[in-house]
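# Sequence first, then the predicted structure, then my questions.
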Amino acid sequence: MVIVNKMLKKRHYPQKEILIYLFLTVLITLIGFIAAYQFVGPSPPRSISMATGSPGGAYFKYGQHYKKFLKESRVELKLRITSGSLQNLRLLEKNTGGVDVAFIQGGTGKLSNSSDIISLGSLYYEPLWVFCGPETKPNHIADMKGLRIAVGDELSGTKILSTQLLELNGITQKNTQLISKGPQISVDMFLNNDVDVAFFVATHRAPYITKLLSQESVSLFEFDRAEAYKIRYPFLNIITLPEGVIDFEADIPARDIKLLAPTAQLAARADLHPALIDLLLQAARAGHMAGGGLEKRGEFPSSRYLDFELSEEAERFYTSRPPFFQRYFPFWVATFLSRMKIMALPLIVLLLPLVKVVPWIYRWRVRARIYRWYSDLEEVGSEIHKTHSLKEYDDFIVKLDQLEKNVSNIHVPKPYAEGLFHLRMHIEMFRKKLMEETNLMR
């Protein structure tokens, strides 16, 4: 009872050892966090640049929409005025002094050999408009040979497409006067009879398109062989300009007209930050999803009709819901959390297992303090049976006294007191046995 009472009064916890285990757990986890941080991607830049087009054009107009949308997420979008798709493409190709993202006309991407350009999607149809003057009534493009033809600005997608179709029909600079001017100058030249035919690539809402369609003396060329052109140039789409879509009251156009139309596309440098790709696509959805007179609602933005490979981030955008963090947090908070999610790996791989293992190690260490003395006790027990002299018995009693003294200095938490009590009880049993043997020999 004395031993038991003495045991129950001892409630000393090995706090130093607990702190050591806790320190090692935190240290290992911290090392894991440092290692994981090496794989955390950089934060997105606060400012990017976009190549648009000439002021008044659709690219420039939509550029303003993207600029406003990104500003709401505290990202500055610098708009760069250009002559059109070809210049935009060249700016994307430049490593320095170029742009991060640009509008390009479908089909112009074939002129680039760069592997550093990706597509974020197509945005809307850009019909090819071919206007003919009052004295010009061609049935086919080949009939335009020898006429004066406005083919678009030198660096525009309009010139690329118009010269492709003209060359397909045997019309080149050698046999026909091809005039490279911007849309507004081409319109003025056409209305002043300085050119016989004018090519434009623009939306049906472009002011100069509605202006030309409203001229009674101007006729819009219809592509009767549209299917053949589409087979030759797969980036072209066949669309119908519905009767009355331009002006319902004036019935412009007076009938449905078949047109060829590439798509406007959003292209970017391959090193554009993934978070900004997602933000730009959100802007694209907000600006183009409603559709228009030539596009159905929800048809754009689209992962179809692309000149470049669709980026992985854009593919995810079109096939699944927005990332979890972006659904519930502002852009910069969501971006930070998304970058930091890799930091959860040390928590899962190291900390959680350590939290489970450390208590087990702790229990093993506490019990080891008790059970390690059993080897000494067993050694005394095995020697007792071999002993026959009184002096040897006295020596064993001294050993047991020293063993009990050592055990009395052991402090364990209360839940482990039973093990320590049993050890002392066994020591006491050996002492009684030795005392009995000693008394018999005296």
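Arrived safely, thanks for sending.
# Quick one: the helices in the stretch 301-442 of the chain, in order.
Under the criterion DSSP state H, counting those that start in this stretch, helices of the stretch 301-442 of the chain are mapped to 312-319, 324-328, 331-340, 344-346, 352-384, 390-408, 417-441.
# what's the least confident stretch among the ones you listed?
Within the helices of the stretch 301-442 of the chain, confidence is poorest for helix 344-346, with a mean of 63 (mean pLDDT).
# and the residue nearest to the spatial centre of the chain, what pLDDT?
With distances taken as CA atoms, centre = their mean, the residue of the chain nearest its centroid is P274 (4.1 Å). P274 carries a pLDDT value of 89.
# Low-confidence regions, the stretch 201-350 of the chain specifically.
325, 332, 336-337, 339-350 (pLDDT under 70).
# 90 instead?
224, 274-275, 291-293, 320-350 (pLDDT under 90).
# Okay, the residue nearest to the centre of the chain and A264: tell me how far apart.
From P274 across to A264, the span is 23 Å (CB to CB, to the nearest Å). Glycine gets a C-beta too; all of them are placed from N, C-alpha and C.
# ranges for the strands of the stretch 101-250 of the chain?
Along the stretch 101-250 of the chain, counting by DSSP state E, counting those that start in this stretch, strands occupy 101-105, 117-125, 128-132, 148-150, 177-179, 197-201, 219-220, 237-241.
# quick revisit: with distance to S114 and mean neighbour count as extra columns, can I get the helices of the stretch 301-442 of the chain in JSON lines?
Formatted as JSON lines, these follow (distance: least, CB to CB, whole Å; neighbours: other CB atoms under 10 Å):
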{"stretch": "helix 312-319", "distance to S114": "18", "mean neighbour count": "17"}
{"stretch": "helix 324-328", "distance to S114": "29", "mean neighbour count": "14"}
{"stretch": "helix 331-340", "distance to S114": "27", "mean neighbour count": "17"}
{"stretch": "helix 344-346", "distance to S114": "35", "mean neighbour count": "15"}
{"stretch": "helix 352-384", "distance to S114": "46", "mean neighbour count": "13"}
{"stretch": "helix 390-408", "distance to S114": "79", "mean neighbour count": "15"}
{"stretch": "helix 417-441", "distance to S114": "74", "mean neighbour count": "15"}
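# quick one: which of those helices is nearest G107?
For the helices of the stretch 301-442 of the chain, the distance to G107 is smallest for helix 312-319, at 19.5 Å, taking CB to CB.
# How many residues are close by the residue lying closest to S217 once chain neighbours are set aside?
Ranked by CB to CB, 6 or more residues apart in numbering and with sequence neighbours excluded, the top spatial neighbour of S217 is P134, at 4.3 Å. Here the number of neighbours of P134 (other CB atoms under 10 Å) works out to 12.
# residues touching P134, list them.
Residues near P134 by CB atoms under 8 Å, 6 or more residues apart in numbering: 217-219.
# Looking at those residues, spot the one nearest S73.
The shortest approach to S73 among the contacts of P134 belongs to V218, at 44.3 Å (CB to CB).
# could you show me where the helices are in the stretch 151-300 of the chain, in order?
Shown for the stretch 151-300 of the chain, the helices assigned by DSSP H, counting those that start in this stretch span residues 157-168, 183-191, 207-213, 226-232, 274-288.
# Is it correct that L123 is in contact with A284?
Yes: between L123 and A284 there is a contact under CB atoms under 8 Å: 6.1 Å.
# picking up where we left off before, out of the helices of the stretch 301-442 of the chain, the one nearest A270 is which?
helix 312-319 (10.4 Å).
# Next one: S54 relative to Y208, how far apart?
Note on S54: its distance to Y208, by CB to CB, is 12 Å.
# meant to ask about Y233
In this view, Y233 and Y208 are 25 Å apart by CB to CB.
# between these two, who's got more neighbours?
Using other CB under 10 Å as the criterion, Y233 and Y208 rank with Y208 on top: 20 against 17.
# Please determine how far the more buried one is located from Q105.
Distance, Y208 to Q105, using CB to CB: 17 Å.
# next one: L168
Plainly put, L168 is 18 Å away from Q105 if you go by CB to CB.
# can you check V245 too?
Distance from V245 to Q105, by CB to CB: 22 Å.
# domain ranges for the protein?
Annotated domains of the chain cover 2-24+357-441, 43-122+269-320, 127-261 [automatic domain parsing].
# Using TSV, lay out those domains together with distance to V333.
Formatted as TSV, the domains of the chain follow (distance: least, CB to CB, whole Å):
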stretch	distance to V333
domain 2-24+357-441	32
domain 43-122+269-320	11
domain 127-261	36
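# Mind checking the ones you listed for the one nearest to A334?
Of all the domains of the chain, domain 43-122+269-320 sits nearest to A334, with 8.0 Å by CB to CB.
# That closest one: end-to-end distance?
23 Å (CA to CA, to the nearest Å).
# Can you give me the neighbour number for N237?
Using other CB under 10 Å, N237 is surrounded by 20 other residues.
# Hmm, it is touching L260, no?
Yes: counting by CB under 8 Å, N237 touches L260, with 7.3 Å between them.
# joint contacts of these two?
Taking CB under 8 Å, 6+ apart as the criterion, N237 and L260 both touch K230.
# coming back round to it: comparing L123 and A284, which shows the higher neighbour count?
Legend: neighbour count by other CB under 10 Å for L123 and A284, higher for A284 (25 against 22).
# separation between that one and D100?
Distance from A284 to D100, counting by CB to CB: 15 Å.
# What of S375?
Relative to D100, and taking CB to CB, S375 is found at 72 Å.
# again, but for P301
18 Å.
# and these two? which has more neighbours close in?
Taking other CB under 10 Å, P301 and D100 do not tie; P301 has more neighbours (28 against 21).
# from memory that one sits against H288, does it?
Yes: P301 is within contact range of H288, at 5.4 Å (criterion: CB under 8 Å).
# Touching both of those two, which residues are there?
Common contact partners of P301 and H288 (CB under 8 Å, 6+ apart): L123.
# and stretch 211-231, C-alpha only, in CSV?
Extracted C-alpha coordinates of stretch 211-231, given in CSV (Å, rounded to 0.1, in the frame of the first residue of the first chain):
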residue,chain,number,x,y,z
LYS,A,211,-23.6,52.6,-94.9
LEU,A,212,-22.6,50.7,-98.1
LEU,A,213,-25.5,48.3,-97.8
SER,A,214,-27.8,51.2,-97.7
GLN,A,215,-26.6,52.6,-101.0
GLU,A,216,-29.0,51.7,-103.8
SER,A,217,-26.2,51.8,-106.4
VAL,A,218,-24.1,49.3,-104.5
SER,A,219,-24.5,45.6,-104.8
LEU,A,220,-23.2,42.9,-102.4
PHE,A,221,-21.5,40.0,-104.1
GLU,A,222,-22.9,36.6,-103.1
PHE,A,223,-20.7,33.6,-102.9
ASP,A,224,-22.6,31.0,-105.0
ARG,A,225,-19.6,28.6,-104.7
ALA,A,226,-19.3,29.0,-100.9
GLU,A,227,-19.1,25.3,-100.3
ALA,A,228,-16.1,25.0,-102.7
TYR,A,229,-14.3,27.9,-100.9
LYS,A,230,-14.9,26.3,-97.5
ILE,A,231,-13.4,23.0,-98.7
